[in-house]
Structure formats: C-alpha cells, structure tokens
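Student: The following block contains a protein sequence and its predicted model.
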Amino acid sequence: MKLKFSKMHGLGNDFVVIDGVRQTVTLSPERIRELGDRHFGIGFDQLLLVEAPRDADNDFRYRIFNNDGGEVEQCGNGARCFARFVTEQRLTNKPAIRVETARGVIVPQLEADGSVKVDMGVPRLAPAEVPFVADAEAVSYPLEAAGGTWQISVVSMGNPHAVQVVDDVDAAPVGAVGAAIESHPRFPERVNAGFMQVVARDEIRLRVFERGAGETLACGTGACAAVVAGIRRGLLDETVKVHTRGGDLSISWAGPGQPVYMTGPAVTVFSGEVEF
Ligand SMILES: N[C@H](CCC[C@H](N)C(=O)O)C(=O)O
C-alpha cells in the first residue's frame, strides 16, 4: 500500500512524518528499520506518526519510532516538525496545537518568524520516573561505564536522559561512553546520553548519543534535559542558548514544577510516496 510522507528535520535531526489521520497506517519494527536505512530505505533518525487524539480536548496524537524500530515517548525536534507538518498539510489552522504523547500533552506553537515554540511539559526528576535505578533522588549520580566513572544527572522529558558536563564537547567520548550509558543496566528502558559543555550561564554546547539512533546532529529533549540538569547544578540561568552540531535552540525553565519551553526551526525537505 502506498503512503504519502514528508521528509523533515529540526537542526539536522531528521524525520519521516506520516499522516495517520487521513491514511490507514500499520507499522512493524522491521518495516520501520528498513525505511530508516540511509542506503536501502528513505533514511531518518525517527519516524513520526500523526494520529487523531484519544481525548477530544486535544488536537492530535503523536507517536515516535526510533531508527531501531522501537516506539518511544517523546521527541523535541520532532514536535516542532509535527506542528509544521499538520499546518502545511492543512490538518489544522490553529497556531497553538494540543498534542497527546505517550507521557502527557505538549503544545507546539508556530511563531511569526517561522520558528516553533513548544511547551514540553514539566520535567520529571525522581529516579523511578526516568526510570533510573538509584537509592534516592540527587542532583547527580556517579555511574560506572566504559571503564570510567561519569557524574550524570537524570531527567525525563517523557523520555529518559543522562546528562554529564564535559570541558570540550568536541573531545568528549560520545561514541564509546554514550553507547555504554545508553544500554547501562541502571536504565531499564535504556537512555539518551548527553554531553554538555558550559560556555556561559546562558549558553552551552551539547552532543547527544540518542537511545535507538546513535549520535544525532541535534536532540530537542536532550537540550531540555541538559538545561534542567545545568540549572539544578547551579551552572545555568533560566534561559539558555543551546549550540548543537546542527544549529541552535533556545531553552527556558523557571524551576521545579514548571514546564520547559523549547524554541527552534522545523524544515520540510521534500514529500514523497512509499510502499509500506
Ligand atoms: N532517541 C529518543 C527519541 C528522539 C528524541 C530526539 N530526537 C529529540 O529531538 O528529542 C529516545 O529514544 O528517547
């Protein structure tokens, strides 16, 4: 069966986005992996599926599948592309869109300058909510991995993140240490591993080894988690510019119990059809 899709990216974190409202879509992990292959398929970090909401108070449901075929709870760069997609496809004309995800509702909003601002919801910091195996909640935890001990902060943006501070992201062992943290047994659902360099109290550089996708050029929820971790460590102020390899995001967090706001671009590269 042929399905229409759009190929999009948020700062080089790239997606195939599919309208599951007007099309009937059945996905298997195997087919997602085939289509995610950058040589034999279309190629993407994540596949995003747009569905009708389960709760009539909301506008859409949003499902996210990593390149490895696994379904996950949240995607920040994807949320911005989602908003651009449903607007371009005339599935809505609302500027602010209520979107159900596996772990709560997010509200992306198209801004006049073409960027997209997203209320990413309230970060969860208790280990059990990440989930992360620990005796008690702390600002950071020592974690043994890849032959070293890394001081990580754990944050859930709906999806799990383990963030550490490094002197220079360009020299950080993202591949080896990121892979070891991603599959560390203290993260029962695996984890996205972030490496953050603090440039100033309102500026960081960030690389993320993503769960189920490897290092990506940018990670929206990773940027949110890194700013939350940096503020909790007393290193950052409320609004932070996050430099990723694919470009810049603006992240704001007013503190515990408050939502994280993320602002950045969303680009449609092309549309196409594919056998699913
Ligand atoms: N790899 C992530 C999902 C995509 C997140 C990322 N692309 C973003 O922009 O937040 C996970 O397994 O939780």
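Tutor: Noted; the coordinates are in hand.
Student: quick one: the residue nearest to the spatial centre of the chain from E137, how far?
Tutor: Note on the chain: the residue nearest the mean C-alpha position is C75, at 3.2 Å, using Cα atoms, centre = their mean. Distance of C75 to E137, computed by Cβ to Cβ, to the nearest Å: 25 Å. For every residue, glycine as well, the C-beta is placed using N, CA and C.
Student: for A193, same thing?
Tutor: In this view, A193 and E137 are 20 Å apart by Cβ to Cβ.
Student: the more surrounded of these two?
Tutor: A193 (32 against 13; other Cβ atoms under 10 Å).
Student: List the contacts of the more buried one.
Tutor: Contact analysis of A193 by Cβ atoms under 8 Å, 6 or more residues apart in numbering lists H161, A162, Q164, V174, V177, G178, A179, I181, E182, V208, F209.
Student: That one - that's part of a helix, no?
Tutor: No - using DSSP: H, G, I helix; E, B strand; the rest coil, the assignment for A193 is strand, not a helix.
Student: so it bridges to which residues?
Tutor: For A193, the beta-bridge partners are A162, F209 (DSSP bridges).
Student: domains of this structure?
Tutor: 2-119+265-275, 127-258 (automatic domain parsing).
Student: Any chance of the ones you listed in TSV with mean pLDDT as columns?
Tutor: Converted to TSV, those look like this (pLDDT from 0 to 100):
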stretch	mean pLDDT
domain 2-119+265-275	97
domain 127-258	98
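Student: if we can go back for a sec, isn't the residue nearest to the centre of the chain up against G220?
Tutor: Yes - between C75 and G220 there is a contact at 6.7 Å, judged by Cβ atoms under 8 Å.
Student: which of the domains of the chain is buried the deepest?
Tutor: Mean neighbour count (mean count of other Cβ atoms under 10 Å) peaks for domain 127-258 among the domains of the chain, with a mean of 20.
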